[in-house]
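>>> Take this sequence and fold it.
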Amino acid sequence: QVHLVESGGGLVQPGGSLRLSCTASGRTFSGRIMGWFRQTPGKERELVAACNRNGAITHYDDSVKGRFTISRDNAGNTLYLQMNNLKPEDTAVYHCAAQRLSAAWGNTDAQWYDYWGQGTQVIVSS
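Just a heads-up that it's a prediction; the model follows:
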């Protein structure tokens, strides 16, 4: 079992920045592919960014490329999402998620993630 807790959300003006954090319990964090998803009411969760086990390989949705950066600190069991130049359309609840230990890189759909945090709200508004 992996327990994930997000933090760092809030209200920010367009063009501003936020850094989300996700702290994982247990000793298996470094063995898991991790991702950040976001969800707005009435819509499916969408993958924002993902990284492989050591953070060297990353994947971004086209809508956030060049603005968001995913990173991880395996020693500290923490996943990050640095969000710059935020836009109103980035408003959503952001969830971090972890894949099973045996997962192969390349599966980006939400169905491949077994563990989810409760989410942190991000509101981009003037």
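>>> Can you name the residues bridging to the residue sitting nearest the centre point of the chain?
Nearest to the geometric centre of the chain sits residue 36, at 1.9 Å (C-alpha atoms, centre = their mean). Assessed by DSSP bridges, residue 36 has beta-bridge partners residue 49, residue 96.
>>> oh, and call the first residue 16 from now on, that's how I've got it
Right, with 16 as the first residue, what we last looked at is residue 51.
>>> isn't it right up against residue 113?
No: between residue 51 and residue 113 there is no contact under C-beta atoms under 8 Å: 11.1 Å. Where you see a C-beta, it was placed from the backbone N, CA and C, and this is true even at glycine.
>>> Residue 126 - how many residues pack around it?
For residue 126, the number of neighbouring residues by other C-beta atoms under 10 Å comes to 7.
>>> can you check residue 46 too?
Neighbour count of residue 46, defined by other C-beta under 10 Å: 14.
>>> So what does it have for phi and psi?
For residue 46, the backbone dihedrals (degrees, to the nearest 10) come out as phi -90, psi 10.
>>> Let me see the contact set for it.
68, 116 (C-beta atoms under 8 Å, 6 or more residues apart in numbering).
>>> cool, residue 20 as well?
37, 38, 132, 133.
>>> Sounds good, over and out.
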